[in-house]
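J.: Predicted model and sequence below, questions to follow.
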Amino acid sequence: MTYKDVYDAWKSDPEGFWMEQAGAIAWDEKPSKALFDENAPNYEWFADAKVNTCYNAVDRHVEQGRGEQAAIIYDSPITGTKRQISYVELRNRVASLAGALRAKGVEKGDRVIIYMPMIPEALEAMLACARLGAIHSVVFGGFAANELAVRIDDAKPKAIIAASCGLEPNRVVHYKPLLDGAIELSDHKPDFCVIFQREQEVAELIEGRDYNWHGFQYGVEPAECVPVEGNHPAYILYTSGTTGQPKGVVRHTAGHLVALNWTMKNIYNVDPGDVFWAASDVGWIVGHSYICYGPLIHGNTTVVFEGKPVGTPDAGTFWRMIQEYNIRVLFTAPTAFRAIKREDPKGEYVKKYDLSSLKALYLAGERADPDTIIWAQDQLGVPVYDHWWQTETGWTIAGNPAGIEALPVKIGSPTVAMPGYDIQILDDAGHPVKDGELGAIAVKLPLPPGTLPTLWNANDRFHKSYLNNFPGYYETGDAGMKDDDGYLYIMARTDDVINVAGHRLSTGAMEEVLASHPDVAECAVIGVSDQLKGQLPLGFLCLNAGCTRDHRDVVAEVVKLVRDQIGPVAAFKLATVVDRLPKTRSGKILRGTMVKIADNEEFKMPATIDDPAILDEIREALLPLGYGK
């Protein structure tokens with residue numbers, strides 16, 4: 001079947017399509033139907049089924065004779081540790097941990113916060129919660145105490161599972177003091193904490209509250225899988241809202257299982273047994289969907305990597321991993337490849353490794369600029385697929401369905417809508433615009449299985465954030481357009497579309513032009529206030545390692561490039577060279593914060609920022625241009 005056949009089959013009978021996909025899941029009680037719309041627009045999928053996520057991700061593979069296959073490959077160049085955990089070993093470890101949690105009172109519906117680095121135990125903790133029907137909320141390891149406290153007060157966990165520390169290439173991140181501080185700050189107090197002690201830092205435990213990960217499992221009966229309703233929350237994942245208040249995205253169990261299992265073959269084109277590597281973190285949505293759940297539900301081997309694309313020890317670490325573990329698919333953020341390209345623009349490290357196992361590279365998390373895609377294609381010699389989705393959706397909205405039919409890649413586009421998503425480009429009044437015109441990207445309701453049905457304890461906020469602006473649609477918050485072939489182009493967040501003298505312009509389009517300059521490794525464009533034109537675009541340029549050219553020459557050249565390729569209408573005259581851009585720990589550039597600095601407005605320090613000191617560097621770079629005073 002072609003992509004069009006599959007998409008049309010979904011469109012003509014959405015419920016029949018998803019019921020068919022549900023056949024791949026092991027149910028305790030099968031669903032009577034797919035879509036439950038009694039509480040529309042809070043739609044639910046397979047709500048009356050009974051099922052267990054951990055059973056589908058672990059136990060059934062053991063029962064089907066795959067017990068000796070590696071479930072998890074752990075590789076930490078920071079500590080020099082490597083190990084593999086088979087499905088049967090994973091089942092035993094998870095059942096033991098779940099039994100210990102149950103013995104301390106954790107049961108179906110209880111929340112458990114997980115605050116851990118990139119170690120296999122983080123996945124074991126997630127799966128142990130799923131085994132019991134407890135609802136986990138993974139908080140990115142190293143989040144500040146006050147941010148963790150906000151999440152504790154919102155989720156009200158019975159228990160918190162944490163590690164003593166996390167490791168960066170040059171420092172130890174002290175998790176335990178952050179956890180203690182968060183519990184002190186929060187109104188809600190967990191009944192107990194479980195601490196996984198790492199040899200790099202053994203934390204002091206608080207008597208009566210803290211338990212050692214290993215010690216508290218001794219002599220405890222392993223737990224069986226607890227069947228839960230299809231609409232029982234599997235987890236809560238907090239995403240930073242624009243107000244600074246975190247939004248707890250809820251994921252229902254049954255739809256999550258069905259959707260993720262479908263994606264592994266149809267989008268990523270892997271078969272059970274293949275090694276799949278999502279180079280992300282368990283604290284982010286990619287870590288939930290494609291480090292932990294998706295690969296394991298599908299019977300793949302997943303990779304847990306504690307390291308960086310450069311500096312652990314060099315820009316060849318990704319290639320070593322691919323060669324050493326026969327990785328078939330790599331999924332990462334474009335920022336990782338920009339870092340590698342900046343360190344190794346000619347790809348000298350690529351030549352040192354045998355990458356013949358790699359069949360495709362998938363990029364997501366931010367716009368993939370054409371320059372990075374072309375570099376990756378040239379270096380790796382495999383298809384490079386950009387695809388677009390969100391924490392809220394949990395899986396691909398638009399992508400290239402390589403397992404159904406590998407569609408032609410159009411650089412700059414994440415390709416086409418996946419089955420389940422009817423993508424529309426709307427004007428401000430909610431009317432569809434013509435092909436080629438910029439508008440707000442929205443998805444016709446109902447959203448498919450595996451997407452968010454609501455926000456945790458905040459249904460009104462769910463409606464206000466996503467549903468009220470365009471009734472009948474889910475508002476993605478992204479702006480873009482479609483071409484005549486139905487290919488989607490994500491141009492910017494809706495608030496990154498700038499208005500220059502009445503012309504709506506995409507900062508993303510300008511960034512593509514800047515990134516095409518041979519000396520530019522990475523860039524960002526923001527809109528700054530201007531008395532005459534309302535807004536003006538301002539570019540930040542990070543140059544390739546080893547570039548010794550006068551910065552003024554590079555700036556002059558990129559200004560000319562934008563004028564030539566987008567036109568004088570863009571009024572692009574301002575650009576500055578910086579050493580680095582402010583980013584979240586998942587690699588997203590903090591454009592909104594940069595705008596506030598440029599316009600000299602108050603701003604809240606983003607919770608997810610990688611290094612706050614960068615903001616002072618940005619302000620200093622803006623001063624000569626007359627901004628950031």
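T.: Thanks, I have it. Computed from a prediction, not measured in an experiment: that's the story for all the values here.

J.: helices or strands next to the helix or strand of the chain with the lowest mean pLDDT in the packing?
T.: Least confident helix or strand, the chain: strand 503-506 with a mean of 72, by mean pLDDT, DSSP states H and E. Judged by 3 or more C-beta pairs under 8 Å, 6 or more residues apart in numbering; DSSP states H and E, the packing partners of strand 503-506 are strand 497-500. In this view, the C-beta of every residue, glycine as well, is placed from N, C-alpha and C.

J.: right, and the helix or strand after the helix or strand that contains Phe276?
T.: Using DSSP states H and E, the element containing Phe276 is strand 275-278. Using DSSP H and E, the helix or strand that follows strand 275-278 in sequence is helix 285-287.

J.: which residues touch stretch 205-222?
T.: 92, 95-100, 103-104, 121, 161, 180, 190, 192-197 (C-beta atoms under 8 Å, 6 or more residues apart in numbering).

J.: all strands for the stretch 501-629 of the chain, in order.
T.: For the stretch 501-629 of the chain, strands defined by DSSP state E, counting those that start in this stretch occupy the ranges 503-506, 520-530, 534-543, 574-577.

J.: buried residues in stretch 599-619?
T.: Buried residues in stretch 599-619, counting neighbours by 16 or more other C-beta atoms under 10 Å, are found at Asp599, Pro606, Ala607, Thr608, Ile609, Asp610, Ile614, Leu615, Ile618, Arg619.

J.: Once you drop chain neighbours, what's closest to the most far-flung residue of the chain relative to its centre?
T.: Using C-alpha atoms, centre = their mean, the residue of the chain lying farthest from its centre is Leu532. It sits 38.9 Å away. Distances taken as C-beta to C-beta, 6 or more residues apart in numbering put Ala501 closest to Leu532, at 7.7 Å, once the chain neighbours are dropped.

J.: hang on, isn't the one you found packed against Lys533?
T.: Yes: under the criterion of C-beta atoms under 8 Å, Ala501 makes contact with Lys533 at 4.3 Å.

J.: in the stretch 51-200 of the chain, which spans are helices?
T.: 53-54, 60-61, 87-103, 120-132, 145-155, 175-185 (DSSP state H, counting those that start in this stretch).

J.: can I get these in a markdown table with distance to Asp478, mean neighbour count and mean pLDDT?
T.: Output for these, formatted as a markdown table (distance: least, C-beta to C-beta, whole Å; neighbours: other C-beta atoms under 10 Å; pLDDT from 0 to 100):
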| stretch | distance to Asp478 | mean neighbour count | mean pLDDT |
| --- | --- | --- | --- |
| helix 53-54 | 29 | 28 | 98 |
| helix 60-61 | 36 | 22 | 98 |
| helix 87-103 | 37 | 22 | 98 |
| helix 120-132 | 28 | 27 | 98 |
| helix 145-155 | 25 | 21 | 91 |
| helix 175-185 | 32 | 19 | 96 |
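
J.: Over to Glu475: give its phi and psi.
T.: phi -90, psi 120 (degrees, to the nearest 10).

J.: what residue ranges in the stretch 351-500 of the chain score low on pLDDT?
T.: 494-495 (pLDDT under 70).

J.: hmm, who's touching stretch 543-562?
T.: Contacts with stretch 543-562, where a contact means C-beta under 8 Å, 6+ apart, come from 341-343, 345, 510, 513-514, 516-521, 537, 539, 541, 570, 572-573, 575-577.

J.: isn't Ile160 right up against Val112?
T.: Yes: look at Ile160 against Val112 with C-beta under 8 Å: they come within range, at 7.1 Å.

J.: residues touching Tyr421, list them.
T.: By C-beta under 8 Å, 6+ apart, the residues touching Tyr421 are Ile397, Ala398, Val443, Leu447, Pro448.

J.: Which of the helices or strands spans it?
T.: Using DSSP H and E, no helix or strand contains Tyr421.

J.: For the helix or strand harbouring Glu15, what is the distance to the chain centroid?
T.: Following DSSP H and E, one finds Glu15 within helix 14-22. Chain-centre distance of helix 14-22: 26 Å, with C-alpha atoms, centre = their mean, to the nearest Å.
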